[in-house]
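In: Okay, structure incoming, though there's no sequence with it:
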């Protein structure tokens, strides 16, 4: 599990660099990626299943992104888009396309249903995370920003 979280963190860092996220956001983006994958693994190990685990992980990621956006004074999409990278069903999309090209209708139906459900889980998780009232992430983000400012001035 630790190895997977480290791989997700490094992968998201590379993704942030490749897609020109602001340089000062690299560490926070990598943190978001590792955090989202750790949350997914945690909920999946508790037996929640792929859909519920994905929703819960994306809700947690969205809340973290909102806090970091206040703390670092950046749009939260910088952290959501990069942090969601480990949860995106890339293999599902590949196997769906592969099954379609090889005319394996049973595999195509199974993989396309799974992929669409996971994409819906991601969208639902973002909606739920954004529905949390602003005062909580705002207060946490301000506290975090003050902690960073004090550390950098010392």
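Out: That came through fine. Please read these numbers as outputs of a predicted model, since none were measured by experiment. Numbers count the residues shown, from 1 in each chain.
In: so where does residue 116 fall, helix or strand?
Out: Take DSSP states H and E as the rule and residue 116 turns out to sit in helix 105-131.
In: actually residue 67, not the one I wrote
Out: Assigned by DSSP H and E, residue 67 belongs to helix 49-72.
In: immediately after that helix, which helix or strand?
Out: With elements assigned by DSSP H and E, the helix or strand that comes after helix 49-72 is helix 76-83.
In: Backbone dihedrals for the residue lying closest to residue 15 once chain neighbours are set aside, please?
Out: The shortest distance from residue 15 to any non-neighbouring residue, by CB to CB, 6 or more residues apart in numbering, is to residue 85 (5.1 Å). For glycine as for every other residue, the C-beta is placed from the backbone atoms N, C-alpha and C. Backbone torsions for residue 85, taken as degrees, to the nearest 10, come to phi -50, psi -50.
In: burial of residue 85, as a residue count?
Out: By the measure other CB atoms under 10 Å, the count of residues near residue 85 is 20.
In: Report the separation between it and residue 131.
Out: When distance is defined by CB to CB, to the nearest Å, residue 85 is 23 Å away from residue 131.
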